[in-house]
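*Asks:* Pasting a predicted model and its sequence here:
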Amino acid sequence: MTAPRIGFIGLGAMGAPMARNLSAAGLLGYVWNRTPAKARVLGGELGVSVAATPAELARQCDIIGLCVSADQDVLHVVDALLPGLHPGTIVIDHSTVSVNTARSVAETITAKGGEFLDAPVSGGVEGAKAGTLAIMVGGNPATLERALPALEAVGSRITHMGGVGAGQATKAVNQVLCAGINQAVTEALAFAQSLGLELEKVIDVVSRGAAGNWFLEKRGPTMIRGKFAPGFKLALHHKDLKICQSMARELGLTLEQVEKTLADYEKLLDSHGDEDISALYRLQRPNQP
Ligand code: NAP
């Protein structure tokens, strides 16, 4: 069986390293990015073709990976690639968007004879670089089977969650957890700072016990030095938590951590929305503006 020709759209903090891993696996043929310079640089580095438009990329590929910012961006990119889509081509969306967007895009793509998987990811920029992302997939199991080479090149845990939208529903659960973890870590480190403890030592020792977690280990050392380079942009997590809030409201639920984190992020969005979500520490740390 010949390897699928894969194209990748959206070469941001997550998409660029994912494309690099697809290329390392010998699968990447084409890239496209809204800001063309990024595609030219990465295409040159990897020796892959840069498509002039999403439709041109679709014309050349059997599998198309997407990793763009938000719901409107996925809808826009899918509209733009449709004129080039062949019957049987699989579109895999790795962006974090709503279940409704996943379902709507799936309908548009299947109406043109294509196939669709929602396949949001978790593991941060570090996981994207290492090719160890956790991938939560919604869609037809036979489509997932055909798409496995593209998913295995970027992730180490690939889990089929159900029909289209089930991947995004699972990712919403993940984002609620991230909100609670961000609140707990930033509050605890601010408490440690008020107690006059050595913060590096606190992070080191508690990371090895029951309170250890990915965010504390990866972002704790930078946040205590006032460094908030993304990472995962606060504005993107805010977008995700708005999705979680609306899903919860449809169920008649209130997610307390989500409500608090949205209110906190709204204080930071204008000046710090492009920083990492650990910028929440700005609101928690003592004696800081
Ligand atoms: P990013 O660095 O801001 O990159 C966003 C990418 O989307 C860029 O390539 C951007 O193009 C492209 N884009 C945005 N709007 C577009 C549009 N209307 N049409 C075409 N392209 C568009 O964001 P990221 O951190 O890679 O995140 C991408 C997705 O992954 C988001 O849904 C995010 O929630 C999710 N995610 C992020 C992380 C993380 O840790 N960063 C982890 C898991 C999931 P330009 O270069 O032209 O701006």
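*Replies:* Now that the structure is in, tell me what you want to look at. Residues are numbered from 1 along each chain as shown.
*Asks:* Skip the chain neighbours and tell me the closest residue to the residue of the stretch 101-250 of the chain found nearest the ligand.
*Replies:* The stretch 101-250 of the chain approaches the ligand most closely through Phe232 (3.3 Å), counting by C-beta to the nearest ligand atom. (C-beta placed from N, C-alpha, C; glycine too.) Spatially, and ignoring its direct neighbours in sequence, Phe232 is nearest to Ile277 (5.3 Å; C-beta to C-beta, 6 or more residues apart in numbering).
*Asks:* wait, what's in contact with the one you found?
*Replies:* For Ile277, the contact set (C-beta atoms under 8 Å, 6 or more residues apart in numbering) comprises 178, 182, 219, 231-234, 237.
*Asks:* Just the mean pLDDT for the helix ranked longest in the chain, thanks.
*Replies:* Counting residues, the longest helix in the chain under DSSP state H turns out to be helix 166-194. Mean pLDDT, computed over helix 166-194, is 98.
*Asks:* ok, and for it, which residues are buried?
*Replies:* Neighbour-count burial for helix 166-194 flags 166-172, 174-176, 178-179, 181-183, 185-186, 188-190, 192-193 (criterion: 16 or more other C-beta atoms under 10 Å).
*Asks:* and what of stretch 124-133?
*Replies:* By neighbour count on 16+ other C-beta under 10 Å, the buried set for stretch 124-133 is 124-125, 127-129, 131, 133.
*Asks:* ok, back up a step: from what I see, the residue of the stretch 101-250 of the chain closest to the ligand and Gly124 are in contact.
*Replies:* Yes: the criterion here is C-beta atoms under 8 Å, and Phe232 meets it with Gly124 at 6.2 Å.
*Asks:* picking up where we left off before, so among the contacts of Ile277, which ones count as buried?
*Replies:* So, by 16+ other C-beta under 10 Å, the buried ones in those are 178, 182, 219, 231-234, 237.
*Asks:* in the chain, which spans are helices?
*Replies:* Under DSSP H, the chain gives helices at 15-24, 36-46, 54-60, 71-81, 99-111, 124-130, 141-152, 166-194, 199-207, 214-223, 234-250, 256-272, 281-284.
*Asks:* Show me what residue of the chain gets nearest to the ligand.
*Replies:* In the chain, no residue comes nearer to the ligand than Gly12, which is 1.9 Å away by C-beta to the nearest ligand atom.
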